[in-house]
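Student: Let me see the structure of the following:
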Amino acid sequence: MVLPVDIRRLTSDPRLTIAVIVIGNLIPVFGVLFLGWDAAQVLILYWAETVIVGLLTLPRIVAAQRLPVGVSGGRLANALFVAVFFVLHYGVFCVGHLTFALPLAEDFIAAEGGGGVWDRTFGDPAFLWAVLATAVLHVVGQTRDWWMQGRWRQASPTLEMFKPYGRIFVLHLTVLIGAWLMLVFKAPAWVVLILCLGKAMLELAGAVLTGRIDPRRL
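Tutor: As a prediction, this is how the structure comes out:
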């Protein structure tokens, strides 16, 4: 049986990784340009992305085959222990992220004359579609970059547990600080597009540094 898709090319072409990152970062840009979004929706969408990244990390932790040096016991038992610890720790991280993002979102909405954060975000079908699209793109990226390349064979549960923190911390802390500066200096709503562009550039740079994108293969 001949597969219609070249699996080797699908898992090695860095342009596909770039496409997934760029399309994902165009979602909030589309919302700002065509759906009347401001920084409030962008901040909550990025928080939802944080949750999505955490949920997708769990199966990687459980599937990772390599035990850390010095760890005894069964692989699955160790992976499940790490997964439970990750849920608790990352859950606190997400709550902390929301603690900063939610007041900023409320202030942006108040500055525009009212409405609630829920009504402007999860109460809006267009926003839910944006969250779904973000989740699908992350699933596609992880399937291609991790599952299809068999990375679970050399991955350890502990290393997989720590992977989301650096990326999420740098990207979203930058966005939170940028949004806060927008609010303080009463910057116009279109400036949020600069935040979206900055996040996209940081994400692409991170993909290069972590080896997901090899510039030599472009």
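
Student: Neighbours of Ala19, how many?
Tutor: By other C-beta atoms under 10 Å, 14 other residues sit near Ala19. For the C-beta atoms, the positions are set from N, CA and C on the backbone; glycine is no exception.

Student: how far away is it from Ile213?
Tutor: Remark: distance between Ala19 and Ile213 (C-beta to C-beta, to the nearest Å) = 11 Å.

Student: which residues in the chain form helices?
Tutor: 7-12, 14-34, 39-63, 75-111, 117-120, 125-142, 157-184, 192-209 (DSSP state H).

Student: Looking at Met1 now. What's its pLDDT?
Tutor: With respect to pLDDT, Met1 scores 46.

Student: Under the pLDDT cut-off, which ranges of the chain? List them.
Tutor: Counting by pLDDT under 70, the low-confidence segments of the chain come to 1-12, 68-73.

Student: Let's see that with 80 instead.
Tutor: Segments of the chain classed as low confidence (criterion: pLDDT under 80) are 1-12, 67-73, 112-115, 167, 169-172, 187, 189, 211, 216-218.

Student: Can you say which of the helices of the chain is nearest to Gly150?
Tutor: Across the helices of the chain, the minimum distance to Gly150, taken as C-beta to C-beta, is reached by helix 7-12, at 9.3 Å.

Student: For Lys186, which residues are in contact?
Tutor: Lys186 makes contact with Ala111, according to C-beta atoms under 8 Å, 6 or more residues apart in numbering.
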